[in-house]
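# Compute the structure for the input listed below.
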Amino acid sequence: MDAQGRGRADNIDPADQWVLNPNTGEYELRLGPSAPQSPIPGPRRPASPGAGGDGAAEGRGATPGRQQASETDAPARAVPGPRRRRGAPPEEPPPGRRGRRPEKKKSKTKKVLMWTSGAMALVVVGVGTTVYLVYKHLEGNVTTTDVGGAAKASFSKDEAFNILIIGTDKRTGKGNEGYGDKGSPGHADTNVLLHVSKDRTNATALSIPRDLIVDIPDCPTKQPDGTTKIVPGTDHTRFNVSLGQDGRDPGCAMLTVKAATGIVPDHFMMADFNAVKTLTTAVGGVDVCLKNAVKDKDSRLDLPAGPSKVEGEQALAFVRARKAWGNKGDLDRIKVQQQFLSSLMRQMASGDTLTDPAKLYDLADAATKALTVDTGIGKVSTLKDVALELKKVPPKNITFLTVPVVDNPAETVKATVVLHPTDARPVFDAIANDVSFTQVKKKEKAAKNAEAARLKGTQSEASEVRVRILNGGAVSGAAQDTLVWLQTTQGVSKSENEGNAPRKLSKTTLEYDADQAPQARKLAALMGLPGSALKLGESVTNSQGLPTMTLTLGKDFKGAGVPLVAPTKPPEIKEKSTADKVECAS
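Coordinates of the predicted model:
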């Protein structure tokens with residue numbers, strides 16, 4: 001019989017078995033003499049002064065002159081015994097002794113709290129063990145690929161981040177033998193560059209067409225024996241062969257994104273056909289909408305017009321279908337995939353997935369089995385951090401858009417696309433500079449106003465500007481090229497090249513003291529520097545011993561005469577959507 005049963009058998013309320021020990025200040029379980037029990041160990045108490053050694057076998061220090069209580073003895077310390085149960089006959093005081101003043105009755109609420117505290121202690125231990133076992137199981141699911149310097153070594157919760165999400169056409173997994181290209185090593189079939197803003201108010205999911213013509217750079221790849229092999233680059237080829245072809249790993253796709261867009265992916269996540277099937281099943285299906293009924297023999301998609309819920313095979317067919325949409329090309333399929341991802345996000349945000357432990361476990365189990373990630377985010381705890389950071393972004397501020405492209409002019413039969421000559425670069429610059437494509441709550445303006453104020457005011461003549469130039473991460477020779485440009489075309493004759501900076505910077509800076517503010521504003525105007533590049537600091541001297549400003553060219557430096565003013569608003573994009581909108585594919 002358990003403790004609760006024993007307590008009720010002796011007319012003792014189970015809640016009353018938890019009593020306050022005045023010596024320790026802790027509640028302890030005290031059973032009546034009819035049910036001898038091994039004591040539940042409480043907190044270790046320090047030995048009383050004069051006690052020797054480590055105490056008795058039970059771990060409590062013995063005090064001289066006092067006898068330790070055995071398991072069946074009455075407690076040696078003044079600990080109240082069990083109270084009688086309501087309704088039981090009153091006990092008579094021992095002969096020769098006056099009855100004690102009746103104790104004040106504990107409130108029902110207090111008894112419930114004491115009983116609940118004891119039960120919860122056991123629950124917490126049980127849950128803690130379960131969480132640990134689940135965690136270890138999920139940790140064993142995660143597959144990682146070491147892509148070397150192509151990915152960051154760790155994930156930062158305090159910065160903006162970019163994750164390249166890759167869907168491959170590799171025919172791995174049960175039931176996938178008939179999908180994709182037979183024998184494909186797993187090309188980059190679906191590609192989304194996800195940018196999450198630093199303040200987590202917005203995110204941008206930029207789809208990269210698999211048929212986009214790019215230059216794939218040389219790519220270092222880790223081999224099974226631990227060595228590194230350089231896979232030679234290829235110019236003017238489809239983006240999808242940046243993965244799989246010639247042994248290229250996801251790091252090669254990341255380097256290709258950087259070369260084509262100027263945006264640096266921090267991490268990657270890669271999934272195959274099984275991921276779509278298992279993830280959609282784990283969340284109980286994804287809501288989709290069609291303007292017209294579709295029955296596509298190639299993808300095996302068979303859905304009526306109007307709303308439907310898809311999971312498993314039908315979900316995979318929905319995102320793979322190409323000839324069922326629009327002009328039967330990849331660009332229209334991308335739009336449908338964006339609608340699908342929007343719906344999946346809404347499903348997870350508004351449904352019971354995140355509050356139902358069984359569904360949450362199924363989703364975590366499916367996700368960790370389905371994904372391959374870089375070593376920088378290869379732990380379950382880190383993947384959880386990524387998910388929690390993304391969860392902070394409101395769905396209405398998650399923008400889906402596609403890289404602006406045009407048909408490849410070199411082709412008679414149009415099969416591939418190239419970057420739009422004027423529209424693509426502004427999109428890339430906006431993402432690289434953490435600019436939102438949605439209307440988000442205005443940030444604090446004080447810092448921006450202060451930056452803008454640095455550019456306002458009087459400006460010195462170019463001939464009065466005194467500056468030393470250092471290379472702090474720009475391409476080799478940038479400091480000398482800038483010096484020549486300033487002296488020969490801008491009239492900044494009091495300038496000199498100081499070589500390499502002590503450390504590399506991500507952003508170009510111009511440091512000056514208060515007296516040099518007019519010179520700083522002039523140089524900023526000549527070079528197209530943003531207000532954020534101007535840093536008020538201590539004065540330094542040049543080779544002639546005269547006070548001079550310090551211009552350090554960072555990794556963002558694009559060349560002498562190329563403005564660095566960051567965009568403050570995104571370009572106008574006609575075709576874009578947000579994760580909170582329900583759209584029907586056509």
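
# From now on I want contacts and neighbour counts done on CA atoms only, so please keep to that.
Noted.

# Counting neighbours, what do you get for the nearest residue to residue 538 once chain neighbours are set aside?
Counting by CA to CA, 6 or more residues apart in numbering, residue 538 lies nearest to residue 513, which is 5.4 Å off, once chain neighbours are set aside. By other CA atoms under 10 Å, 16 other residues sit near residue 513.

# My guess is residue 513 contacts residue 534. True?
No - Residue 513 is beyond contact range of residue 534, at 10.3 Å (criterion: CA atoms under 8 Å).

# so who does residue 535 touch?
Taking CA atoms under 8 Å, 6 or more residues apart in numbering, we find residue 535 in contact with 509, 510, 511, 512.

# Please flag which of those residues sit within strands.
509, 510, 511, 512 (DSSP state E).

# so can I have TSV of those showing pLDDT, distance to residue 193 and neighbour count?
What follows is the ones in strands among the contacts of residue 535, written out as TSV (pLDDT from 0 to 100; distance: CA to CA, whole Å; neighbours: other CA atoms under 10 Å):
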residue	pLDDT	distance to residue 193	neighbour count
509	94	29	21
510	94	32	24
511	94	35	21
512	94	38	24
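
# Return the closest of those with respect to residue 541.
The nearest member of those to residue 541, counting by CA to CA, is residue 512 at 11.1 Å.

# picking up where we left off before, quick one, what contacts the residue nearest to residue 538?
536, 537, 538, 539, 549.

# Least confident of the residues you listed?
Lowest pLDDT among those: residue 539, with 75.

# related to what we said a few turns ago, keep only those of the contacts of residue 513 that are in strands.
Counting by DSSP E, the contacts of residue 513 contribute 536, 549 to strands.

# Now, of the contacts of residue 513, which are buried?
Among the contacts of residue 513, those classed as buried by 16 or more other CA atoms under 10 Å are 536, 539, 549.

# From residue 516, how far off is the last one?
Counting by CA to CA, to the nearest Å, the gap between residue 549 and residue 516 amounts to 7 Å.

# next one: residue 334
52 Å.

# Neighbour count: the two, which is higher?
Under the criterion of other CA under 10 Å, the comparison of residue 334 against residue 516 puts residue 334 first, with 24 against 19.

# Just the buried positions in the helix or strand hosting that one, please.
Assessed by DSSP states H and E, residue 334 sits inside helix 330-350. Using 16+ other CA under 10 Å as the test for burial, helix 330-350 gives 330-348.

# Next, residue 563: secondary structure please.
Following DSSP: H, G, I helix; E, B strand; the rest coil, we place residue 563 in the coil state.

# Would you list the phi and psi of it?
phi -60, psi 150 (degrees, to the nearest 10).

# How about the contacts made by it?
So residue 563 contacts 527, 528, 529 (CA under 8 Å, 6+ apart).

# of all the residues you listed, which comes closest to residue 357?
Of all the contacts of residue 563, residue 357 sits closest to residue 529, with 52.0 Å by CA to CA.

# What degree of burial does that closest one show, as a neighbour count?
23.

# Check the contact between it and residue 564; I expect there is one.
Yes - counting by CA under 8 Å, residue 564 is a contact partner of residue 529 at 5.2 Å.

# Adding distance to residue 479, write the buried ones among the contacts of residue 513 out as TSV.
Shown next, in TSV, are the buried ones among the contacts of residue 513 (distance: CA to CA, whole Å):
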residue	distance to residue 479
536	21
539	20
549	14
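
# Specify which member of the residues you listed is nearest to residue 460.
Nearest to residue 460 among those: residue 549, at 13.1 Å, using CA to CA.

# From residue 517, how far off is the closest one?
When residue 549 is compared with residue 517 (using CA to CA), they lie 10 Å apart.

# Residue 333 now?
Applying CA to CA to residue 333 and residue 517 gives a distance of 54 Å.

# same thing with residue 552?
17 Å.

# Then residue 562?
22 Å.

# who's more crowded, those two?
More crowded of residue 562 and residue 517, by other CA under 10 Å: residue 517, with 22 against 12.

# buried stuff in the helix or strand hosting the more buried one?
Residue 517 is part of helix 517-527 when elements are defined by DSSP H and E. For helix 517-527, the neighbour count (16+ other CA under 10 Å) marks 517, 518, 519, 520, 521, 522, 523, 524, 526, 527 as buried.

# Domain parsing of this structure, as residue ranges.
1-48+74-86+108-141, 144-437, 447-553 (automatic domain parsing).

# Looking at those domains, which is nearest to residue 577?
domain 144-437 (5.2 Å).

# right, so of the domains of the chain, which gets closest to residue 583?
Short answer: domain 144-437, nearest of the domains of the chain by CA to CA, at 6.6 Å.

# what is the rounded mean pLDDT of the closest one?
87.

# for stretch 463-476, same thing?
Taken as a whole, stretch 463-476 carries a mean pLDDT of 95.

# so what's residue 457 up against?
Counted by CA under 8 Å, 6+ apart, residue 457 has contacts 518, 521.

# switch the cut-off to 10 Å
Contact analysis of residue 457 by CA atoms under 10 Å, 6 or more residues apart in numbering lists 517, 518, 521, 522.

# part of a helix, is it?
No - under three-state DSSP, residue 457 falls outside any helix and is assigned coil.

# What ranges does the stretch 201-350 of the chain have for its helices?
Secondary structure of the stretch 201-350 of the chain (DSSP state H, counting those that start in this stretch): helices located at 250-261, 273-282, 312-320, 330-350.

# need those in TSV with distance to residue 149, can you?
As requested, the helices of the stretch 201-350 of the chain are exported to TSV (distance: least, CA to CA, whole Å):
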stretch	distance to residue 149
helix 250-261	8
helix 273-282	27
helix 312-320	32
helix 330-350	29
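
# isn't residue 345 right up against residue 280?
No - Residue 345 is beyond contact range of residue 280, at 11.2 Å (criterion: CA atoms under 10 Å).

# what is in contact with these two at once?
Jointly contacting residue 345 and residue 280 under the rule CA under 10 Å, 6+ apart are residue 286.

# residues shared between the contacts of residue 513 and residue 534?
residue 520.

# So residue 483 belongs to a helix, correct?
Yes - residue state for residue 483 (three-state DSSP) corresponds to a helix.

# give me every residue that touches it.
Counting by CA under 10 Å, 6+ apart, residue 483 has contacts 467, 468, 469, 470, 492, 493, 494, 495, 496, 497, 560.

# quick one, what contacts the third one?
Which is residue 469. Going by CA under 10 Å, 6+ apart, the list of residues near residue 469 reads 478-480, 482-483, 495-501, 510, 549-553.

# any idea which element it lies in?
Using DSSP H and E, the element containing residue 469 is strand 466-471.

# Now stretch 489-504: buried residues?
Result for stretch 489-504 [16+ other CA under 10 Å]: buried residues 492, 493, 494, 495, 496, 497, 498, 499, 500, 501, 504.

# tell me how far the ends of it are from each other?
27 Å.

# Name the residues that touch it?
Contact partners of stretch 489-504, identified using CA under 10 Å, 6+ apart, comprise 461-474, 476-487, 523, 526-527, 542-543, 548-555, 561.

# The same query, at a cut-off of 8 Å, please.
462-473, 479-480, 483, 486-487, 526, 552, 554-555.

# among those, which ones are buried?
Buried residues within the contacts of stretch 489-504, defined by neighbour count using 16+ other CA under 10 Å: 462, 464-473, 479-480, 483, 486-487, 526, 552, 554-555.

# picking that back up, next step: the contacts of residue 469 restricted to strands.
495, 496, 497, 498, 499, 500, 510, 549, 550, 551, 552, 553.

# could these go into a markdown table alongside distance to residue 233?
What follows is the ones in strands among the contacts of residue 469, written out as a markdown table (distance: CA to CA, whole Å):
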| residue | distance to residue 233 |
| --- | --- |
| 495 | 40 |
| 496 | 38 |
| 497 | 35 |
| 498 | 35 |
| 499 | 32 |
| 500 | 30 |
| 510 | 37 |
| 549 | 41 |
| 550 | 38 |
| 551 | 35 |
| 552 | 32 |
| 553 | 29 |
